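In: Quick one: sequence and predicted model below, then my questions.
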Amino acid sequence: MDLRMVGSAAALAVALAAGAAEARDVVRFDGAYAAGTVVVKTGERKLYYVLGGGQAIRYPIAVGMPGREWSGQNSIARKEVNPVWQPPAEVRHDKPALPQLVPPGPSNPLGPRAMVLAWGEYAIHGTNKPSSIGTRASYGCIRMYNEHVVDLFDRVQVGTPVVVTP
């Protein structure tokens, strides 16, 4: 048996396990939310996918900049794979050099998945700026690491309740 192959296989297994643990950080969660609910705690900059039985999957997120944060109840109205981004008027006003549309790919601020909320103004999505996670950086959307948004996307359905708290 070639020990280099065993070492490489072990390193790969450790790397894969670490990535899986990050995307599936199961934590204790006390609250009156039904299993399957997405709870965004803006002040913590964390999103929780409630599993039930006092547990949830916790993801780090970026939230709205000061003055652009919001709270309330909503639901997922639409799910998009490799979304095209059309900068909203408010963003275009602040950044007039932006194109009208940004196609899927590494320059797209929505990342590989977007879950558009029922109001249509905001979404839970990936990001092309992973360094923004943990900050107040968006115009009101909830940003996630790309691997995390794919994980959450696969767990939720259109109609999934979303609760955003301060």
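Out: On my side now, so go ahead.
In: What about Cys141, how many residues nearby?
Out: As a burial measure, Cys141 scores 24 neighbours (other CB atoms under 10 Å). From N, CA and C alone the C-beta is placed, and that goes for glycine too.
In: Quick check: it vs Asn74, distance?
Out: To Asn74, Cys141 is 12 Å away according to CB to CB, to the nearest Å.
In: what touches both of the two?
Out: Common contact partners of Cys141 and Asn74 (CB atoms under 8 Å, 6 or more residues apart in numbering): Tyr122.
In: Relative to Val149, how far out is the residue lying closest to Ala56 once chain neighbours are set aside?
Out: Leaving aside its chain neighbours, Ala56 sits nearest to Phe29 (3.5 Å; criterion: CB to CB, 6 or more residues apart in numbering). Phe29 is 20 Å from Val149, where distance means CB to CB.
In: Looking at these two, which has the bigger crowd around it?
Out: A direct count of neighbours by other CB under 10 Å for Phe29 and Val149 places Val149 higher, at 27 against 18.
In: After whichever strand or helix holds the more buried one, which helix or strand is next?
Out: Element membership for Val149 (DSSP states H and E) is helix 146-155. Next helix or strand after helix 146-155 toward the C-terminus (DSSP H and E): strand 161-165.
In: Using CSV, write out every CA atom in that following strand.
Out: Presented in CSV, the C-alpha positions along strand 161-165 are these (Å, rounded to 0.1, in the frame of the first residue of the first chain):
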residue,chain,number,x,y,z
PRO,A,161,-41.9,30.8,6.6
VAL,A,162,-39.1,33.3,7.3
VAL,A,163,-39.0,35.3,10.5
VAL,A,164,-36.5,38.2,10.7
THR,A,165,-35.9,39.6,14.2
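In: got the contact list for it?
Out: 33-34, 36-43, 70-76, 117, 124, 142.
In: Show me where the chain has its helices.
Out: Remark: helices of the chain, listed N- to C-terminal, are 3-23, 89-94, 146-155; assignment by DSSP state H.
In: least reliable of these going by mean pLDDT?
Out: The weakest mean pLDDT among the helices of the chain belongs to helix 3-23, with a mean of 42.
In: so what's the spatially most central residue of the chain bridging to?
Out: Residue closest to the mean C-alpha point of the chain, counted by CA atoms, centre = their mean, is Met144 at 3.0 Å. When assigned by DSSP bridges, Met144 has beta-bridge partners Ile61.
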